[in-house]
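# Compute the structure for the input listed below.
(3 chains)
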Amino acid sequence: MSIVLDTFTVLAVTGGLFFFLAGTVGLLRFPDPLTRLHALTKADNLGLGLIVLGLLPQTNAPVGALKLLVAWLLVQLSGATIAQLIAREARRGMPQA
Amino acid sequence: MNATVFGLCGAMAAGLGLYGLITDAQPLRKILGFNLLGAGAFLSFGVVARRGAAAGFGGDPVPQALVITGMVVAFAATALAVALLLQLFNTAGAATLDTNATSEGNDPPVT
Amino acid sequence: MTIGFALDSAIAVLVVAVSCWTIIARASFAAVVGFVSFGLLLTLVWVRLDAVDVALTEAAIGSGLTGALLLAAAARLRTSEFATQAERPSMALRVATALLSATATAALAGALFLLPSPAPTLAPAAAANAGATGLGNPVTNVLIAFRAMDTMLEKVVLLLALVGVWSLASDRFWGGPPSPLRGANTEGPLAFLARLLTPLGIVVGIYILWEGADHPGGAFQGGTILAAMWLLLMMSGVANAPATRFRSLRLVLISGPMVFLVIGLGGLWLGEAFLAYPVAYAKPLILVIEFVMTLTIAVTLALLLAGPPTREASR
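Numbering: from 1, shown residues only, chains lettered A, B, ... in the order given. The predicted structure is shown next:
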């Protein structure tokens, strides 16, 4: 049983790492701040979510699992707010489209 | 043990911080360099603490407690330094330590 | 080469690379961002060094609050940056300083390599005396009981730094509130975040304080989270920066070291020694000290970031 759980952990964390890599490539290659924000927030939510999902079998349920989930939700909350604030500032500097 | 790797890392951070503290002309960068130097010193403490692992603990708790105290005091010092820097900027018009470049000698003192 | 060693080497290389970036970067904003990343990587280093309490403190104070402080300063000083960038240090100074830095690095690394082995350690002494307080976390034991004098004096140092920051105000501003920390555009998302996050943050802060008794955590880490929540409220405009002449504010500021001092003198009066806790009452006394200390730390750290008063106190 623990072999199955460990395999699940490795697969999920690798998936999360792939999304983080995609987000970093997007940060480096996308042309302007708004598209870069889009790449970063996707990496934040989905990548971290997969990593948290993969780590859930390794913690002591339910308190450890709850803490991991709360950490993920908090990162999403703060990431979304910061993305909104940065996007507003980026919109100001752009010609109206 | 991983202590040697991080010991090297702390020594290099301290050296880089010292370089930044002395060579960079802007006071804010000097404060940054000073913080890097402090972080390197704290890492050295951490290495000493890690080497003192005994009695079931992962590290010697006394250096760790000293580092915690040091970090809080370093923040207080940085806050005071930044407040002084901002006051210099408000009074002299430029955040620089070069007294010839500022308008300090020309304007009446602000109260 | 084990996986642990590979991981540690990777983190160490990243730390050195980011600190190089912090020194080399041209714009101050980029350098401060590098410094914040440096602090977060250091948190990982502290976890690898088995010092989780220190990792919490580094994340909260070392990179969190210091990063916020330096970012605000970099933003304020942006207009002055171009003038001072013209002052480049001479090549001779740079070469000499590089030699000095290399010597300092070599000396520090050499000293760490030459440390005696087996390493002298106070861990057995700390473990043997843990029964004096009944706490499970050895670092909290050291901070509150064995080296309580250091912690008490550190509170006084925080207070002195705050007085130093306040004294930078003009005479007519003394007692007034600091400038509002609000940036240019703060309605909407930031206020939403402040309203949603603050109750949760307060619970997390108190939880970390409470857990510090037996697990990694403690008064400094919890107090910093509370300070961060208050700063978030002030920055988003939901709360106003308080006038520094309020008696209740000043009472909160001195209550931390005051309670510590009174309990310490009580230990002296009961015949043992300064800051010796009677074994029967050790845990309740420590709880009282820690709660008051957390409140004082939270208020002091937030006010240190808010800066000197810049408006007149309303009569």
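# So, low pLDDT: which residues of chain C?
C:82-87, C:182-187, C:271, C:315 (pLDDT under 70).
# Run through the residues of it sitting next to chain A.
Within reach of chain A by CB under 8 Å from any CB of the partner chain, chain C has these residues: C:185, C:188, C:189, C:190, C:192, C:193, C:196, C:197, C:200. The C-beta positions use only the backbone N, C-alpha and C, and glycine is treated the same way.
# okay, those in JSON lines with distance to residue C:81 and secondary structure next?
Converted to JSON lines, these look like this (distance: CB to CB, whole Å; DSSP: H, G, I helix; E, B strand; the rest coil):
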{"residue": "C:185", "distance to residue C:81": "22", "secondary structure": "coil"}
{"residue": "C:188", "distance to residue C:81": "30", "secondary structure": "coil"}
{"residue": "C:189", "distance to residue C:81": "28", "secondary structure": "helix"}
{"residue": "C:190", "distance to residue C:81": "26", "secondary structure": "helix"}
{"residue": "C:192", "distance to residue C:81": "33", "secondary structure": "helix"}
{"residue": "C:193", "distance to residue C:81": "29", "secondary structure": "helix"}
{"residue": "C:196", "distance to residue C:81": "35", "secondary structure": "helix"}
{"residue": "C:197", "distance to residue C:81": "32", "secondary structure": "helix"}
{"residue": "C:200", "distance to residue C:81": "37", "secondary structure": "helix"}
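# Quick check on these: which are buried?
Using 16 or more other CB atoms under 10 Å in any protein chain shown as the burial test, the residues of chain C next to chain A include C:189, C:190, C:192, C:193, C:197 as buried.
# Closest to residue C:230 out of the residues of chain C next to chain A?
Lowest distance from residue C:230 to the residues of chain C next to chain A (CB to CB) belongs to residue C:197, with 11.7 Å.
# So what's the gap between stretch A:76-91 and the chain middle?
A distance of 14 Å separates the centroid of the chain from that of stretch A:76-91, by CA atoms, centre = their mean, to the nearest Å.
# Show me the strands in the stretch 1-150 of chain C, by range?
Per DSSP state E, counting those that start in this stretch, the stretch 1-150 of chain C carries no strands over any range.
# Show me the longest helix that occurs in chain B.
helix B:61-92 (DSSP state H).
# Quick one: list the elements packing against it.
When contacts are defined as 3 or more CB pairs under 8 Å, 6 or more residues apart in numbering or on different chains; DSSP states H and E, helix B:61-92 sits against helix B:27-51, helix C:52-57, helix C:66-76, helix C:123-128, helix C:138-141, helix C:148-166, helix C:282-306.
# coming back round to it: could I get the buried ones among the residues of chain C next to chain A in CSV, plus columns for distance to residue A:23?
CSV is the format used below for these (distance: CB to CB, whole Å):
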residue, distance to residue A:23
C:189, 21
C:190, 23
C:192, 24
C:193, 21
C:197, 23
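# In those residues, find the pair that's most separated.
C:189 and C:197 (11.6 Å).
# if I pick residue 35, what's in contact with it?
I went with chain A, as the question did not name one. Residue A:35 makes contact with residue A:26, according to CB atoms under 8 Å, 6 or more residues apart in numbering or on different chains.
# not quite, I wanted chain B
Applying CB under 8 Å, 6+ apart to residue B:35 gives the contacts B:17, B:74, B:78, C:35, C:66.
# Also residue B:69?
Residue B:69 neighbours (CB under 8 Å, 6+ apart): C:143, C:150, C:151, C:154.
# Would the lengthiest helix in chain A count as contacting chain C?
Criterion DSSP H: the longest helix present in chain A is helix A:63-92. Yes: contact between helix A:63-92 and chain C, assessed by CB under 8 Å from any CB, occurs at A:74, A:77, A:78, A:80, A:81, A:84, A:85, A:88, A:89.
# now that helix: mean pLDDT?
The average pLDDT within helix A:63-92 is 89.
# give me the number of residues near residue C:199?
10 (other CB atoms under 10 Å in any protein chain shown).
# Wasn't it part of a helix?
Yes: the assignment for residue C:199 (DSSP: H, G, I helix; E, B strand; the rest coil) places it in a helix.
# got a list of what it touches?
Applying CB under 8 Å, 6+ apart, no residues contact residue C:199.
# contacting residues around stretch A:76-84?
Under the criterion CB under 8 Å, 6+ apart, residues A:37, A:40-41, A:44-45, A:48, C:188-190, C:192-193, C:196-197 lie in contact with stretch A:76-84.
# Buried among the residues of helix A:63-92 next to chain C? Make that a PyMOL selection.
Buried residues among the residues of helix A:63-92 next to chain C (16+ other CB under 10 Å), as a PyMOL selection:
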select buried, chain A and resi 80+81+84+85
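# Chain neighbours aside, what residue packs nearest to the residue nearest to the spatial centre of chain A?
Residue closest to the average C-alpha location in chain A (CA atoms, centre = their mean): residue A:44, at 1.9 Å. Leaving aside its sequence neighbours, residue A:44 sits nearest to residue A:79 (CB to CB, 6 or more residues apart in numbering or on different chains; 4.5 Å).
# That neighbour: neighbour count?
A count of nearby residues for residue A:79, using other CB under 10 Å, gives 17.
# I'd say residue C:285 and residue C:264 touch.
No: with contact defined as CB atoms under 8 Å, residue C:285 does not count as touching residue C:264 (10.1 Å).
# Output the helices and strands packed on helix B:61-92 as a markdown table; include the columns distance to residue C:243.
Listed next are those as a markdown table, based on distance: least, CB to CB, whole Å:
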| stretch | distance to residue C:243 |
| --- | --- |
| helix B:27-51 | 28 |
| helix C:52-57 | 30 |
| helix C:66-76 | 21 |
| helix C:123-128 | 44 |
| helix C:138-141 | 35 |
| helix C:148-166 | 11 |
| helix C:282-306 | 11 |
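# Quick one, which of these gets closest to residue C:115.
So among the helices and strands packed on helix B:61-92, helix B:27-51 is nearest, using CB to CB, at 6.5 Å.
# Give me the distance between that closest one and the centre of its chain.
In terms of CA atoms, centre = their mean, the gap separating the centre of helix B:27-51 from the centre of its chain is 7 Å.
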